[in-house]
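Undergrad: Sequence and predicted structure are below.
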Amino acid sequence: MSRPSSSKQIEIVSFEDVEADRDGFFTVPSLCSLHGFLAEDARFLADHYVLSRSGEWMVRLDQDVNLFAAKVDFVSEVLARLGGLTDVMARMIEDFDPGTGDPVGLNGFLLEVTKGLRS
C-alpha cells in the first residue's frame with residue numbers, strides 16, 4: 001500500500017482497491033471529508049479502512065456502520081445509552097491506547113470525528 005502524499009493526510013482504502021492494486025483515496029482527517037468520500041458512488045456499501053497519517057494504525061469502517069455515519073441523532077442516542085460521550089471516549093482511548101503524548105494522532109482523530117456530538 002502507498003504512503004500518504006502528505007503527513008497531514010489520511011488514506012481511505014477498500015479491500016477491492018487492495019485486490020485491484022489501486023491506490024487509496026488521500027484526504028484531510030475530518031469527518032466531513034470522510035462523509036463526502038463515502039457518499040460518492042455509494043462507497044458506503046463496502047467496508048473501508050482508514051490509515052493514520054503516520055501509517056502506524058488503521059480503523060476498519062464496516063459497511064453497516066457507514067450507513068449510520070451521517071446519522072448524528074442515532075449516534076447521540078447510542079452515546080446516551082452508553083454513558084455519554086466522555087465515557088465512550090474514555091473507552092475508545094483505553095481500547096486503542098494512543099500512548100504517551102499520542103504520537104500517531106489517535107486522540108486527535110477521535111476528538112475530530114466526535115466534534116459534532118459535543119454539547
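TA: Structure received.
Undergrad: domains in the chain, as residue ranges please.
TA: 1-69, 71-119 (automatic domain parsing).
Undergrad: what mean pLDDT does the shortest one have?
TA: Read it as domain 71-119. Domain 71-119 shows a mean pLDDT of 73.
Undergrad: got a list of contacts for stretch 103-118?
TA: With contact meaning C-beta atoms under 8 Å, 6 or more residues apart in numbering, stretch 103-118 is reached by 29-31, 34, 52-54, 56-57, 72, 75-76, 79, 85, 89, 92-93, 96, 98, 102. In this view, the C-beta of every residue, glycine as well, is placed from N, C-alpha and C.
Undergrad: Apply 10 Å and report the result again.
TA: The contact list for stretch 103-118 (C-beta atoms under 10 Å, 6 or more residues apart in numbering) reads 7, 10, 28-32, 34, 50, 52-57, 59, 69, 72, 75-76, 79, 84-86, 88-89, 92-93, 96-99, 101-102.
Undergrad: Please, a ChimeraX command that selects the buried ones among these?
TA: A single ChimeraX command selects the buried members of the contacts of stretch 103-118 (16 or more other C-beta atoms under 10 Å):
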select :10,29,31,34,50,52,53,59,69,75,79,85,88,89,98
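Undergrad: for this protein, longest helix please?
TA: Counting by DSSP state H, the longest helix found in the chain is helix 85-96.
Undergrad: Return the alpha-carbon coordinates of that helix using CSV.
TA: The C-alpha coordinates for helix 85-96 follow below in CSV (Å, rounded to 0.1, in the frame of the first residue of the first chain):
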residue,chain,number,x,y,z
LEU,A,85,-19.5,11.0,25.0
THR,A,86,-17.0,11.4,27.8
ASP,A,87,-17.4,7.7,28.9
VAL,A,88,-17.4,6.4,25.4
MET,A,89,-14.2,8.4,24.5
ALA,A,90,-12.5,7.0,27.6
ARG,A,91,-13.4,3.5,26.5
MET,A,92,-12.1,4.2,23.0
ILE,A,93,-8.8,5.7,24.3
GLU,A,94,-8.4,2.7,26.6
ASP,A,95,-9.2,0.2,23.8
PHE,A,96,-6.8,1.8,21.3
